[in-house]
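In: Predicted structure and sequence below. I'll ask about it afterward.
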Amino acid sequence: MVILRADPWSPDYGGDVEATLAASEGTDIQVDPTIETVDWSTALRPSGGPDGPLLFVDGVRRVELRVLADDAGRRAWGLAGSYAVGAVRSDGRAGYERAVVGRILAIGAAIAVPDLIVRVGSGEPITYRAIAVPGDDPDAPLQVLQNEMREAEGRLAAELAPGGLVLADGPLHYPHGPDSAVVGIAKRMVTTYLVDAPAALLPRLRPGERTPLFALGRQVLDRFAWYQRLIDLREPWHDLSGLVRCEVRMAVGLGRARDLADRVAVALPRYAGRPGIDPRAPQNLTPVGALEAELRRRMGHPELLRRALQAELYRAVAA
């Protein structure tokens, strides 16, 4: 008999697991599950609570208008888009730490254009910084927007790291110094990195527990990682629901990585998203969900920006 189990995420956001439930995908993925212990028969349950502030860092991006550039018959796709990154501090009370908004006009085929300046109502002028994107891949401008957001996230995380433990939403796509307490939290299982006994431990994890550390990297090992569950399983969820993969740069050292993993394993379940309220609960942490809403507000109303962009393009063509 085939038994179906539910994914708690809203279908609008894909799923919390997007992997072949087997070995790691790709030959360049390197994994060493023996870095902390060879015994994966039981989960590790650290004791103790947070010893200092937690800072949740995330970013959002949005395409306001897609465009087609024409340079004397040479055409290429592009976009005008915005991104915003920010942080929420939790130290007995919650508050927004800071937020940065950026806007770009990315045009493919290396077509150079000037910055695009628009005005919404009587507000200050808004500048979309022009970027000439090499190649003619129509998705390349969107990747540039994504990269701009990730780089801004990385800069903010590095700036905030001296003031507390930084929990960055998503895998660590950017480098940090060897003493930087930055933990990346991947809420979507795009690739299943563990097999055999280590993989068998994942469905048995409870909130407050973690797997042993394992080393992870593409081509070379550069991160210590672990899995943990945020809330207890509910019927009829599948048994990988509620898992996140956390990771730190290998430069922090094994001892520091173990201390960070223990602290995060204890602290993180307190911030789990609430099913029925957040469509990506429980992996989309409550502070992150609130931060995303605030960052979207700070980017401005998308339809007003879209209209302003269209009006400016019309004015330029008419001129």
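Out: Done, it's in.
In: In the helix or strand encompassing residue 255, which of the residues would be classed as buried?
Out: Element membership for residue 255 (DSSP states H and E) is helix 254-267. The neighbour-count check on helix 254-267 (16 or more other C-beta atoms under 10 Å) flags 257-258, 260-267 as buried. Any C-beta I mention is one placed from the backbone N, CA and C, and that applies to glycine too.
In: a markdown table for these, including distance to residue 67 and pLDDT?
Out: Formatted as a markdown table, these follow (distance: C-beta to C-beta, whole Å; pLDDT from 0 to 100):
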| residue | distance to residue 67 | pLDDT |
| --- | --- | --- |
| 257 | 45 | 95 |
| 258 | 50 | 95 |
| 260 | 44 | 95 |
| 261 | 45 | 96 |
| 262 | 49 | 96 |
| 263 | 46 | 95 |
| 264 | 42 | 96 |
| 265 | 46 | 96 |
| 266 | 48 | 95 |
| 267 | 44 | 94 |
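In: now the helices for this protein?
Out: Secondary structure of the chain by DSSP state H: the helices cover 140-160, 196-201, 254-267, 286-299, 302-318.
In: Reformat the ones you listed as TSV; add distance to residue 9.
Out: Formatted as TSV, the helices of the chain follow (distance: least, C-beta to C-beta, whole Å):
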stretch	distance to residue 9
helix 140-160	21
helix 196-201	21
helix 254-267	22
helix 286-299	13
helix 302-318	23
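In: For residue 241, which of those is the nearest?
Out: Checking these against residue 241 by C-beta to C-beta gives helix 196-201 as the closest, at 15.5 Å.
In: average pLDDT across that closest one?
Out: Helix 196-201 shows a mean pLDDT of 95.
In: Quick one: neighbours of the closest residue to residue 300 other than its chain neighbours, just the number.
Out: Excluding the flanking residues, the one nearest residue 300 by C-beta to C-beta, 6 or more residues apart in numbering is residue 120, at 6.9 Å. Neighbours of residue 120 under the rule other C-beta atoms under 10 Å: 16.
In: For this structure, which residues score under the pLDDT cut-off?
Out: Residues of the chain that meet the criterion pLDDT under 70 lie in 1-6, 11-12, 14, 17-27, 48-50, 174-179.
In: neighbouring contacts of the helix holding residue 255?
Out: With contacts defined as C-beta atoms under 8 Å, 6 or more residues apart in numbering, helix 254-267 is touched by 35-36, 44-51, 54, 165, 167, 181, 183, 208-210, 213, 224, 226, 228, 246, 248, 250, 252.
In: hmm, which of those are the buried ones?
Out: Using 16+ other C-beta under 10 Å as the threshold, 35-36, 44, 46, 50, 54, 165, 167, 181, 183, 208-210, 213, 224, 226, 228, 246, 248, 250, 252 are the buried ones among the contacts of helix 254-267.
In: What segments of the stretch 101-250 of the chain are strands?
Out: 116-118, 126-132, 165-169, 182-186, 214-218, 223-229, 243-249 (DSSP state E, counting those that start in this stretch).
In: Now those in CSV, please, with extra columns for distance to residue 150.
Out: Putting the strands of the stretch 101-250 of the chain into CSV (distance: least, C-beta to C-beta, whole Å) gives the following:
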stretch, distance to residue 150
strand 116-118, 23
strand 126-132, 15
strand 165-169, 10
strand 182-186, 11
strand 214-218, 16
strand 223-229, 16
strand 243-249, 15
